[in-house]
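K.L.:
sharing a model that was predicted from the sequence below.
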Amino acid sequence: MKQQQSVFSGIQPTGEIHLGNYLGAIKNWASLLGKYECIFCIVDYHAMTIEYDVKAMQNNIHNAVLDNIACGLDPEKCTIFVQSDVPEVTELTWVLSTVTPMGDLSRMTQFKEKSKQHEQNINVGLFSYPVLQTADIILYKASWVPVGEDQVQHVELAREIVRDFNRRYGDVFPEPQALLTQARRVMGLDGKTKMSKSLSNTIALNETYDSLKKKIMGAITDEDRKRRHDPGNPDICNIMRYHEFFPGDDDLEKIDRECRTAEIGCVDDKKMVIDRIWEFLEPVQQKRAELAATEGYVEGVLQEGALRARKIAQDTMAEVREACGLRKYPLR
Ligand code: TYM
């Protein structure tokens, strides 16, 4: 009998972790440590579903691990590993693909969006991406999946796949549930689309002070406010949302009021936000640099994580094989 419920989540090693990832997911991951058994994964198999730079892959994984730990994922308190280090996930993906309706996969918003973005490469992996994601989650029998809003549809599908599997083969898996933060959908610098690397509208964790300043100064605010003395509307201003995410010691009610009465302009507001975001980024970057200076640190974390994750994965697969009437692993 399991003592503690598990949390599982993943992030793609696509080169740059940004404030959308942090606020929508990683911040939440860090807050769950100690309360649950927490397992976090760098999902390299998922990253292969779109064209990628093969030579950059290992570096991206390395950087993702450093960023995550610098943001608070203490590897003493959770398992951090790379998806492809636990190949059982591909075996479970196959099993689950036999209970997943094609129609459900073709309705996934992410599949539709990525098919448009990558017209020349609509591969089977892109289509069955949510099946692999379901396998990720349930291989560790996770009950909770902290994610941003864009991943909720995939977690809902995971619940349905689990229901179908359990109906057919017996009660093997718990139904996972998404966990959202206040920042479930962080908007990019354009204020109109979700912050996303593929849309080039991000603030990255490794932004320098100067690049942060440049990006925020160029960010879209309340577009109805044409002149400095026009009253602003913080309700529709994305910079105000950033302020809420990183309030620091600022009095947000005062800023809201002074924006509406035009006592402060967008530039004043932006200057404050730059400092608040920098107050968050600077120590994260310092911590990251310290970790990066220890040779072999990341590899050690990943080796240990893979061993822990693989043990759980093999136990689950033994159960799955028995439930599905397959042979026991002959060589274990
Ligand atoms: P990925 O790598 O795109 O993003 C990692 C996490 O960051 C969240 N996120 C955001 N949250 C709020 N606002 C934003 N602008 C924003 N941008 C990204 C994402 O929702 C996600 O939680 N398919 C997943 C990776 C994955 C996974 C899993 C997640 C693979 N297997 C199993 C959970 C469980 C993905 O592409 O995340």
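P.N.:
Now that the structure is in, tell me what you want to look at.
K.L.:
going forward, measure contacts and count neighbours with C-alpha atoms only.
P.N.:
Fine.
K.L.:
what's the spacing between the residue lying closest to Q177 once chain neighbours are set aside and R168?
P.N.:
Nearest residue to Q177, sequence neighbours excluded (CA to CA, 6 or more residues apart in numbering): W144, at 5.0 Å. W144 sits 23 Å away from R168, going by CA to CA, to the nearest Å.
K.L.:
who has more neighbours, the two?
P.N.:
W144 (21 against 12; other CA atoms under 10 Å).
K.L.:
surely that one and S6 touch.
P.N.:
Yes - at 6.6 Å, W144 counts as touching S6 under the criterion of CA atoms under 8 Å.
K.L.:
any idea how far the ligand is from I220?
P.N.:
Going from I220 to the ligand by CA to the nearest ligand atom, to the nearest Å gives 16 Å.
K.L.:
contact partners for that residue?
P.N.:
Contacts for I220 (CA atoms under 8 Å, 6 or more residues apart in numbering) come out as L189, D190, G191, C237, N238, I239.
K.L.:
need phi/psi at the first one.
P.N.:
The one in question is L189. phi -60, psi -20 (degrees, to the nearest 10).
K.L.:
residues near it, how many?
P.N.:
Neighbours of L189 under the rule other CA under 10 Å: 24.
K.L.:
same question for D268.
P.N.:
Per other CA under 10 Å, the neighbour tally for D268 reads 12.
K.L.:
regarding it, what is its secondary structure?
P.N.:
Each residue gets one of three states, and D268 gets helix by DSSP: H, G, I helix; E, B strand; the rest coil.
K.L.:
how about the strands in this protein?
P.N.:
6-11, 37-42, 79-82, 144-146, 177-179 (DSSP state E).
K.L.:
looking at the ones you listed, which is nearest to the ligand?
P.N.:
For the ligand, the closest of those is strand 6-11, at 3.7 Å, according to CA to the nearest ligand atom.
K.L.:
now that closest one: mean pLDDT?
P.N.:
Mean pLDDT, computed over strand 6-11, is 98.
K.L.:
do the same with stretch 232-251
P.N.:
Mean predicted confidence for stretch 232-251 is 93.
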